[in-house]
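**Q** quick one, structure for this:
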Amino acid sequence: MKYISTRSSAKEFNFSEVFIKGLSDDGGLYVPKSLKKYSTEELLELKNLNYNELSTEIINLFSADFISRKELSSLIKKSYSTFREKDVVKISNLGELKLLELFHGPTLAFKDIAMQFIGNLYEYYLSKNDRKINIIVATSGDTGAAAIDAIKGKSNLNIFVLHPNNKISSVQRKIMTTVEEKNVFNIAIDGNFDDCQNIVKQMFSDLEFSKSINMSGVNSINWARIIAQAVYYFYSYFKLDKETISFSVPTGNFGDVFAGYLAKKMGLPIDKLIVATNENDILHRAISKGDYVSKEVRETISPSMDIQLASNFERLIYYINNSDSEITADIMKKIKQNSYQIEKNNLEMIQKDFLSESCNEKETLDIIKKNYEENNMILDPHTAVGVGAANKLSFNDCVVLSTAHPCKFPDATNNAINTHEKLPEELQHVLYKEENFKVLKNNTEEVKNFVKSKV
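**A** Residues are numbered from 1 along each chain as shown. Presented below is the predicted three-dimensional model:
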C-alpha cells in the first residue's frame, strides 16, 4: 500500500516512512492512496476471529510492505499480553446502551491499545535499522502515559512528553512523571494542550531540527494509531451481531472517531458516528452547523477533550473534498487563520456519517450521578460525555466508547457521587513516588534546546 500527504498527492510513501515520520514534511497528514473495502461475504469471514487475529488481518492491509504477516501476528500477541481482558476490550451493558470498555491496558486508557502496538513496532524497526529515534509527543492526559509505558526502557529510543502544566488530572500526571527509566523525559508547558500540540508540529516542520534528532511522533496523527484503533470498531460489530451499528465517541483530537470513519470506508456497516464533546465544542459546532472557528480553551473535568484544534479533522476534510490535496491545503490555511466555515455541500456530506453533541460540566456530573444510581457503574467524565451525547440525540441502540478508567479522575467522581474508584494494585505506587518533570515556557525554541540537551 502506498501513502500520500493530505496536502500534496505528488509524492508517494511506504508504510515505514509514514510510521516513523508521523507528519509529512509539508505539514499534512498521511493517508492511503487507496483503501480496501470489504464485501458482506468478506466481513462474514472475519466474524469469528479473536481480537489478536482480527488486528493482524486489518493492520496487515496497511503494513505488508513493512512487516510480514507472521511477524505482525507475533508482535500483536506480545503487545496485548499485559492487558487485563483476554480479548483486550470488553462490552458491557449500561441500560439500553452498550459500553465498549477500552481501558484494560497498563495505563487504564484507550490509548494503550494503539501505543503498546506502536512501542513494539518501533522496536521491530530498530532491530532492522541501525538508528536511534527521539519521540516527541503532546498529551492532553492519556496519550503521554500510554506512550511512556510502551517506550520506557527500550534501547535506541527516547521519549519526550509535553503536557499542559496543571491542566490534567493528578493521577494522569503521576502515571507519567513517576516513571524512572532514563529514556523518558516529561515536560510541563505553561499553556494548554493546543499549545503543546503546536510546539510539536513546529518541531516537525523545522526539517533541519527534526532530521538532526531523528524525530518521530506518536500523537493521534500517526497513521499506525488510526489503524490499530479501527480494529475495535470491527470487533464490536462482530460481537454484537447487528445489521448496522452506531457509536458515540468522546472526542478531542478526532483520531478515535476518525478510526471509526476509516472502518466505515472499509465497508463496516456503521450508521452514525456521534462526535461527543465537552464545553470545548468546536467539533460539535463544525458538524452541526459548519462553524470551525476556535475559541479560548476552557479547563474542564474531562481534560483529554480540552482541545480547540482537532488535528485529525484534516483527514476528513481531505476525503469530503474528493481527496483533493490542493483544496485541503487551502482549507488548512484558512484554519490557521481561524476563518474556516464548512461549505453547505461538504457539511451535508459530513452529516451523512456524523452527528454531534456537547455536554457542559453540570451535565457531565449529572450523567455520572444518574448512571451510578441506576446502573451501579462509575463512569469517567469522558465516557459520561459520550453517554450524554447519545442520550441527547436519543440514540438508545448505540455503542459508547468508554475511553478511560474512572479511577484516573477521582476529583470528578467525588464531586458527582462522593466516591471514586481506586487505582488497580499494580499502579498504587504512583500516588506516593517522587515525580520528575521539567516546567518550560510556551516557547518552541526553549523546548528544542531542552530536547537537544538530552539527546
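**Q** which stretches of the stretch 101-250 of the chain form helices?
**A** Assigned by DSSP state H, counting those that start in this stretch, the helices in the stretch 101-250 of the chain fall at 111-128, 143-151, 170-177, 193-205, 207-212, 223-240.
**Q** hey, which of those is tucked in deepest?
**A** By mean neighbour count, with neighbours taken as mean count of other Cβ atoms under 10 Å, helix 143-151 ranks first of these at a mean of 28. Yep, even glycine has a C-beta here, placed from its N, CA and C like the rest.
**Q** among the helices of the stretch 101-250 of the chain, which is nearest P410?
**A** helix 170-177 (6.7 Å; Cβ to Cβ).
**Q** put the alpha carbons of that closest one into PDB.
**A** Taking C-alpha atoms only, helix 170-177 is exported to PDB below (Å, rounded to 0.1, in the frame of the first residue of the first chain):
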ATOM      1  CA  SER A 170      -3.000  14.500  39.200                       C
ATOM      2  CA  VAL A 171      -3.400  10.700  38.500                       C
ATOM      3  CA  GLN A 172      -2.900  11.200  34.800                       C
ATOM      4  CA  ARG A 173       0.300  13.200  35.500                       C
ATOM      5  CA  LYS A 174       1.700  10.900  38.100                       C
ATOM      6  CA  ILE A 175       1.400   7.800  35.900                       C
ATOM      7  CA  MET A 176       3.800   9.700  33.500                       C
ATOM      8  CA  THR A 177       6.100  11.500  35.900                       C
END
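**Q** any idea of the angle it forms with helix 143-151?
**A** Angle, helix 170-177 to helix 143-151, by axes from the mean of the first three to the mean of the last three Cα atoms, to 10 degrees: 30 degrees.
**Q** other SSEs contacting helix 170-177?
**A** helix 143-151, strand 157-164 (3 or more Cβ pairs under 8 Å, 6 or more residues apart in numbering; DSSP states H and E).
**Q** okay, now the sheet partners of the last one, with direction.
**A** So the one you mean is strand 157-164. Within its sheet, strand 157-164 is paired with strand 133-138 (parallel), strand 184-189 (parallel), according to DSSP bridges.
**Q** got JSON lines for the helices of the stretch 101-250 of the chain, with distance to V18 too?
**A** As requested, these are exported to JSON lines (distance: least, Cβ to Cβ, whole Å):
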{"stretch": "helix 111-128", "distance to V18": "12"}
{"stretch": "helix 143-151", "distance to V18": "18"}
{"stretch": "helix 170-177", "distance to V18": "26"}
{"stretch": "helix 193-205", "distance to V18": "14"}
{"stretch": "helix 207-212", "distance to V18": "15"}
{"stretch": "helix 223-240", "distance to V18": "5"}
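**Q** N415 is nearest to which of these?
**A** helix 170-177 (14.3 Å).
**Q** from the chain's centroid, how far away is the closest one?
**A** The chain centroid and the centroid of helix 170-177 are separated by 18 Å under Cα atoms, centre = their mean, to the nearest Å.
**Q** average pLDDT across that helix?
**A** For helix 170-177, mean pLDDT is 93.
**Q** over to stretch 290-298?
**A** pLDDT averaged over stretch 290-298 gives 93.
**Q** report the buried residues of that stretch.
**A** 290-292, 294, 297 (16 or more other Cβ atoms under 10 Å).
**Q** just stretch 92-110 next, same as before
**A** Neighbour count says stretch 92-110 has 94, 97-110 buried, by 16+ other Cβ under 10 Å.
**Q** cool, and stretch 314-329?
**A** In stretch 314-329, counting by 16+ other Cβ under 10 Å, buried: 314-321, 324-325, 327-329.
**Q** now it, how far from the centre of its chain.
**A** From the chain centre to the centre of stretch 314-329 is a distance of 21 Å (Cα atoms, centre = their mean).
**Q** ok, stretch 170-189 next?
**A** With Cα atoms, centre = their mean, you get 19 Å for stretch 170-189.
**Q** bridge partners for S216, pull those for me.
**A** I135.
**Q** that one touches I20, doesn't it?
**A** Yes: the criterion here is Cβ atoms under 8 Å, and S216 meets it with I20 at 5.2 Å.
**Q** list residues touching both of the two?
**A** Counting by Cβ atoms under 8 Å, 6 or more residues apart in numbering, the residues touching both S216 and I20 are I133.
**Q** neighbour-wise, which of those two wins?
**A** Between S216 and I20, counted using other Cβ atoms under 10 Å, the more crowded position is S216 (24 against 20).
**Q** check contacts around the more buried one.
**A** Neighbours of S216 in contact, by Cβ under 8 Å, 6+ apart: 20-22, 122, 133-136.
**Q** quick check: it vs G153, distance?
**A** 17 Å (Cβ to Cβ, to the nearest Å).
**Q** cool, S210 as well?
**A** Distance from S210 to G153, by Cβ to Cβ: 24 Å.
**Q** over to D206?
**A** 29 Å.
**Q** over to N93?
**A** Taking Cβ to Cβ, one finds N93 at 39 Å from G153.
**Q** same check, this time on T300
**A** Taking Cβ to Cβ, one finds T300 at 34 Å from G153.
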